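1. Structure for this input, please:
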Amino acid sequence: MRTARNMRTARSGPGFRNCLLASGLIAAVLTPCIAAAALGETETSVQTDAAQLQGSVKTLERSIYRLHEIQLPSGTKLREFVGPDAKIFAVAWNGPAVPNLRQTFGRYFDTFVAAAKVARTGHNRLDIRQGDLVVQSSGHMRAFTGRAYLPQAIPAGVALGELR
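-> Take a look at the predicted model:
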């Protein structure tokens with residue numbers, strides 16, 4: 001028979017946190033209403049996606065890249081980093097919900113899913129370095145953060161610390 005203390009431990013232990021993070025990522029995959037231009041693709045779909053999301057887009061010009069920040073209705077901010085070649089070399093997010101990673105990662109999504117099955121680095125962290133894709137994600141219910149980038153596509157002079 002479980003005591004109240006045992007039930008509290010079961011709901012706050014590392015297994016529960018991993019399950020919660022996995023649930024958040026699965027929910028993000030299955031949520032079809034949130035879209036964004038895909039990693040490694042051109043930035044042409046940013047405005048279309050923002051309109052479809054009913055989100056607002058703010059574009060910031062940096063010296064080496066362009067940053068599109070989409071405020072999603074869920075409260076999550078999705079940032080897309082576009083290089084001089086007009087291709088998205090990184091995406092980052094933070095907020096109460098994980099964006100639709102299938103749409104956000106595009107052709108890199110299957111690589112992400114395969115690597116995510118084995119790549120746990122902590123109770124509520126995911127750190128994947130698979131070929132030409134890096135994904136770092138963490139969080140808990142209503143507070144998710146993450147980034148994905150293509151190391152070979154990052155323009156010279158852009159520091160990893162900027163990709164957040």
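2. Going along the chain, name the strands of the protein.
-> Secondary structure of the chain by DSSP state E: the strands cover 56-61, 66-71, 77-82, 88-95, 125-130, 133-140, 143-149.
3. As CSV, those with mean neighbour count and mean pLDDT would be great.
-> For glycine as for every other residue, the C-beta is placed from the backbone atoms N, C-alpha and C. Formatted as CSV, those follow (neighbours: other Cβ atoms under 10 Å; pLDDT from 0 to 100):
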stretch, mean neighbour count, mean pLDDT
strand 56-61, 12, 91
strand 66-71, 19, 93
strand 77-82, 23, 94
strand 88-95, 23, 96
strand 125-130, 16, 90
strand 133-140, 19, 94
strand 143-149, 20, 96
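4. Could you dump the ones you listed into CSV with distance to Pro155 added?
-> Below are those laid out as CSV (distance: least, Cβ to Cβ, whole Å):
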stretch, distance to Pro155
strand 56-61, 13
strand 66-71, 11
strand 77-82, 9
strand 88-95, 7
strand 125-130, 20
strand 133-140, 16
strand 143-149, 11
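5. between those, which one is nearest to Ala114?
-> Taking Cβ to Cβ, strand 125-130 is the member of the strands of the chain nearest to Ala114, at 7.7 Å.
6. where does the closest one sit relative to the chain's centre, distance-wise?
-> Computed by Cα atoms, centre = their mean, to the nearest Å, the chain-centroid distance of strand 125-130 equals 12 Å.
7. Just name whatever secondary elements it is in contact with.
-> helix 14-30, helix 109-116, strand 133-140 (3 or more Cβ pairs under 8 Å, 6 or more residues apart in numbering; DSSP states H and E).
8. and it with helix 109-116, angle?
-> 120 degrees (axes from the mean of the first three to the mean of the last three Cα atoms, to 10 degrees).
9. Dump strand 125-130 to PDB, restricted to CA.
-> The C-alpha atoms that make up strand 125-130 are tabulated as PDB, following Å, rounded to 0.1, in the frame of the first residue of the first chain:
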ATOM      1  CA  ARG A 125      17.300  17.700 -20.000                       C
ATOM      2  CA  LEU A 126      17.900  16.500 -23.500                       C
ATOM      3  CA  ASP A 127      21.200  17.000 -25.300                       C
ATOM      4  CA  ILE A 128      21.600  15.500 -28.700                       C
ATOM      5  CA  ARG A 129      24.600  15.800 -31.000                       C
ATOM      6  CA  GLN A 130      23.800  13.700 -34.000                       C
END
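10. which residues does Leu60 form a beta bridge with?
-> Counting by DSSP bridges, Leu60 is bridged to Leu67.
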